[in-house]
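>>> output the structure for:
(2 chains)
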There are 2 protein chains.
Amino acid sequence: MSFQSHIAAVQAHIEQVLDAWLPQDDPHTTRLCQAMRYSVLNGGKRLRALLVYTTGESLGATRAQLDPAAAAVEIIHAYSLIHDDLPAMDDDDLRRGRPSCHRAFDEGTAILAGDALQAFAFELLATRTAGMPDAGRIQMMITLAAAIGTLGMAGGQAIDLGAVGRQLSRTELELMHRRKTGALITASVELGAQSAGVLAGAEMAALRRYGDELGLAFQIQDDILDVTGDTTTLGKPQGSDALQDKPSYASILGLEAARALALQHRDQAVAAVAPLGSRAGLLRDMAHFVVERAY
Amino acid sequence: MSFQSHIAAVQAHIEQVLDAWLPQDDPHTTRLCQAMRYSVLNGGKRLRALLVYTTGESLGATRAQLDPAAAAVEIIHAYSLIHDDLPAMDDDDLRRGRPSCHRAFDEGTAILAGDALQAFAFELLATRTAGMPDAGRIQMMITLAAAIGTLGMAGGQAIDLGAVGRQLSRTELELMHRRKTGALITASVELGAQSAGVLAGAEMAALRRYGDELGLAFQIQDDILDVTGDTTTLGKPQGSDALQDKPSYASILGLEAARALALQHRDQAVAAVAPLGSRAGLLRDMAHFVVERAY
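Predicted structure coming up:
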């Protein structure tokens, strides 16, 4: 199976899992549940789920064992996009070619949908992993919580919020991205490994390094695509980050140097998983995919 | 020790625990961490922590064993108030006599502070309970997550959001409050019991019933105080809910009937914990306190 068909299969699979697990049958909070489903079930790239499945399957886990972690990271990602798009944050009307949650519903509902999705991710991770050893289940919740708090995603978003309109150094930009997007990407790799029963040791350290490098490669490619991609493929106005004067690798380094840096992080990601030997094949393909994608 | 001194001791204790555990040493997200600390460390009533300690100590747990659960429910409560006060929600400028978080900081920071606090509550519950049996730790995370999702706090807030400006029936009002405030209050009782090693059975069922009744008594008393209390004692403008045309027990039933209903729920709470025998003393005092408080 080619890596492209692996991606397509995983994307179709996680969409079904999310659709089955998201709340839908509560007559009293119809609008809230609709906003949650609208924001999660929108056919995103599913990069984070892909990392959970790719890592976990490489280590011998079944797809079903990986579903809770994959669903949790996609749900967290969806919650973060809902809140990022709010008027008080990035004020984006469009998300993947459709009205963002607060435009399709309303601002109060969008805030609550994000809040409820965050709780739901923890609930899934705690309730849908009943067949796994308890120690691993607790470790997974620690991993997820740490990745999205002040030292992770929320902290990165706070740095971003404070950075609009002023020029960041490359070091500051990297720190922001390591938290804002990198922490959850690395957590996706860790959660995939934890779902497969790998909780610590040299393999986990190698995978964590892989996740860190892949996260930076992903973010740099995102910045490049914001300049070179077209609006239809991206699902948001091309150049929208630049227009908002948001710090970007493309603006700080220039396109060519940014491209070289993305490839360097890709190579470091590939090198990081060399100790996994023959089990690293899909992870290597994944690293190449991240910098070669056009959307 | 009188119940009033029990309250004062617990309030002082949880303040110290929260102060020690909240993040404070991250130079890159100073403003975010300040907003989190500002909103949590504001000397609230600490009703939810009080329920954790009162329940847990009644069942033989030490105060230290109860700290993670007590801190988690207070942190969740603080996050919910930050988001409730936002312009897109209740649009409140004042919280406990001080500017609300988005007024003291800014709206984006307030959204993120709430988000980060939610993650932090789960992180505390997962990391600070290391001495407890894993099964109990997982059960606690399930309890917390379920209490604050669509069938709990976030769902209740969504019902509230959809109810402004129209008259709710008493049944609808009760459903809203059972979720919006009741679910976390019941969870506080459950988490106290779980921290003490009680995970299921008749005692847990009795305590859950106690929490449900106490939550309703608390909410009705809150509605009464919104009409009869004074602004200084309440820390928010007296009559502010009525002014916003928010549904309330006082407006639906009238003050006298609301008062009778609060006492009825108090009595049902007291009756619920009768099976605990001599261990129910503090829980009975707590139920009386909830309807006798003037703030």
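>>> can you pull out the low-pLDDT segments for the stretch 1-150 of chain A?
A:1 (pLDDT under 70).
>>> can you map out the helices along it?
In the stretch 1-150 of chain A, the helices defined using DSSP state H, counting those that start in this stretch lie at A:3-21, A:30-40, A:47-58, A:63-84, A:101-104, A:107-127, A:134-148.
>>> and the second one, does that touch chain B?
Yes. For helix A:30-40 and chain B, the contact criterion (CB under 8 Å from any CB of the partner chain) is met by A:R31, A:L32, A:C33, A:M36. C-beta: built from backbone N, CA, C; applies to glycine.
>>> need the residues you listed in a markdown table (columns: neighbour count).
Shown next, in a markdown table, are those (neighbours: other CB atoms under 10 Å in any protein chain shown):
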| residue | neighbour count |
| --- | --- |
| A:R31 | 18 |
| A:L32 | 27 |
| A:C33 | 21 |
| A:M36 | 29 |
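>>> just give me the closest of those to B:A183.
A:L32 (14.4 Å; CB to CB).
>>> what's near enough to touch that closest one?
Contacts for A:L32 (CB atoms under 8 Å, 6 or more residues apart in numbering or on different chains) come out as A:T109, A:L112, A:A113, A:A116, B:T150, B:A154, B:G155, B:A158.
>>> separation between A:L86 and B:L161?
15 Å (CB to CB, to the nearest Å).
>>> coming back round to it: of the contacts of A:L32, keep whichever come out buried.
A:T109, A:L112, A:A113, A:A116, B:T150, B:A154, B:G155, B:A158 (16 or more other CB atoms under 10 Å in any protein chain shown).
>>> count of neighbours near A:A205?
12 (other CB atoms under 10 Å in any protein chain shown).
>>> OK, contacts around A:D212?
Neighbours of A:D212 in contact, by CB under 8 Å, 6+ apart: A:R178, A:G182, A:T186.
>>> A:I220 is in contact with the second one, correct?
No. Using CB atoms under 8 Å, A:G182 is not in contact with A:I220; the gap is 11.1 Å.
>>> neighbour count winner among the two?
A:I220 (29 against 25).
>>> what's the helix or strand for the more buried one?
Using DSSP states H and E, A:I220 maps to helix A:201-228.
>>> report the angle between that helix and helix A:47-58.
For helix A:201-228 against helix A:47-58, the angle by axes from the mean of the first three to the mean of the last three CA atoms, to 10 degrees is 150 degrees.
>>> and helix A:201-228, what's its mean pLDDT?
Per-region confidence: helix A:201-228 scores 95 on mean pLDDT.
>>> average pLDDT for the stretch of helix or strand A:L261 belongs to?
Using DSSP H and E, A:L261 sits within helix A:255-272. Taken as a whole, helix A:255-272 carries a mean pLDDT of 97.
>>> contacts only, for A:G155.
Contacts of A:G155 by CB under 8 Å, 6+ apart are A:G149, A:R179, B:D26, B:H28, B:T29, B:L32, B:A116.
>>> now render these as TSV, adding distance to A:L173.
TSV is the format used below for the contacts of A:G155 (distance: CB to CB, whole Å):
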residue	distance to A:L173
A:G149	21
A:R179	11
B:D26	17
B:H28	12
B:T29	15
B:L32	18
B:A116	21
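>>> restricted to strands, list those residues.
In strands, judged by DSSP state E, none of those are found.
>>> closest to A:G277 out of the residues you listed?
Distances from A:G277 to the contacts of A:G155, taken by CB to CB, are shortest for A:R179, at 31.6 Å.
>>> the closest one: neighbouring residues, count only.
26.
>>> next: A:Q65.
18.
>>> could you measure from it over to chain B?
17 Å (CB to the nearest CB, to the nearest Å).
>>> so what's A:V273 closest to, chain neighbours aside?
Excluding the flanking residues, the one nearest A:V273 by CB to CB, 6 or more residues apart in numbering or on different chains is A:A280, at 4.2 Å.
>>> so that neighbour sits right up against A:S58, yeah?
Yes. Under the criterion of CB under 8 Å, A:A280 makes contact with A:S58 at 7.0 Å.
>>> with adjacent residues omitted, what lies nearest to A:Y79?
A:L117 (3.8 Å).
>>> show me the contacts for the one you found.
Contacts of A:L117 by CB under 8 Å, 6+ apart are A:M36, A:S39, A:V40, A:I75, A:I76, A:A78, A:Y79, A:I82.
>>> output those residues as a markdown table; include the columns distance to A:Q4.
Shown next, in a markdown table, are the contacts of A:L117 (distance: CB to CB, whole Å):
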| residue | distance to A:Q4 |
| --- | --- |
| A:M36 | 30 |
| A:S39 | 26 |
| A:V40 | 24 |
| A:I75 | 25 |
| A:I76 | 26 |
| A:A78 | 24 |
| A:Y79 | 29 |
| A:I82 | 29 |
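>>> and those residues, which is closest to A:G201?
Once CB to CB is applied, the member of the contacts of A:L117 that ends up nearest A:G201 is A:I76, at 25.8 Å.
>>> my guess is that closest one contacts A:G152. True?
No. If you go by CB under 8 Å, A:I76 and A:G152 don't touch, sitting 10.1 Å apart.
>>> between those two, what contacts are shared?
A:L184.
>>> excluding chain neighbours, what is closest to A:H6?
Closest to A:H6 by CB to CB, 6+ apart is A:L282, at 6.9 Å.
>>> burial count for that neighbour?
18.
>>> which pLDDT value goes with it?
96.
>>> pretty sure it is touching A:E57, no?
Yes. Between A:L282 and A:E57 there is a contact under CB under 8 Å: 6.9 Å.
>>> what distance do you get for A:D115 to chain B?
Distance from A:D115 to chain B, by CB to the nearest CB: 5 Å.
>>> rewinding a little: from the residues of helix A:30-40 next to chain B, which is closest to chain B?
A:L32 (3.9 Å; CB to the nearest CB).
>>> which residue comes closest to A:A61 once chain neighbours are left out?
Nearest non-adjacent residue to A:A61 (CB to CB, 6+ apart): A:A196, at 3.7 Å.
>>> that neighbour touches A:R63, doesn't it?
No. Applying CB under 8 Å, one finds A:A196 not in contact with A:R63, separated by 11.4 Å.
>>> more neighbours, the two?
A:A196 (23 against 15).
>>> phi and psi next, for the more buried one.
With angles defined as degrees, to the nearest 10, A:A196 sits at phi -90, psi 0.
>>> any figure for the gap between it and chain B?
19 Å.
>>> dump the residue contacts of that residue.
With CB under 8 Å, 6+ apart, A:A196 has these contacts: A:T55, A:G56, A:L59, A:G60, A:A61, A:Q65, A:L66.
>>> residues touching A:H6, list them.
Contacts of A:H6 by CB under 8 Å, 6+ apart are A:T54, A:L282, A:D285.
>>> wait, doesn't A:R209 sit right on A:P275?
No. Taking contacts as CB under 8 Å, A:R209 lies outside contact range of A:P275: 10.1 Å.
>>> higher neighbour count, these two?
More neighbours sit around A:R209 than around the other of A:R209 and A:P275, counting by other CB under 10 Å; the figures are 17 against 13.
>>> residues touching the spatially closest residue to that one that is not a sequence neighbour, list them.
Leaving aside its sequence neighbours, A:R209 sits nearest to A:A272 (CB to CB, 6+ apart; 4.0 Å). The contact partners of A:A272, taken as CB under 8 Å, 6+ apart, are A:A206, A:L207, A:R209, A:Y210, A:E213.
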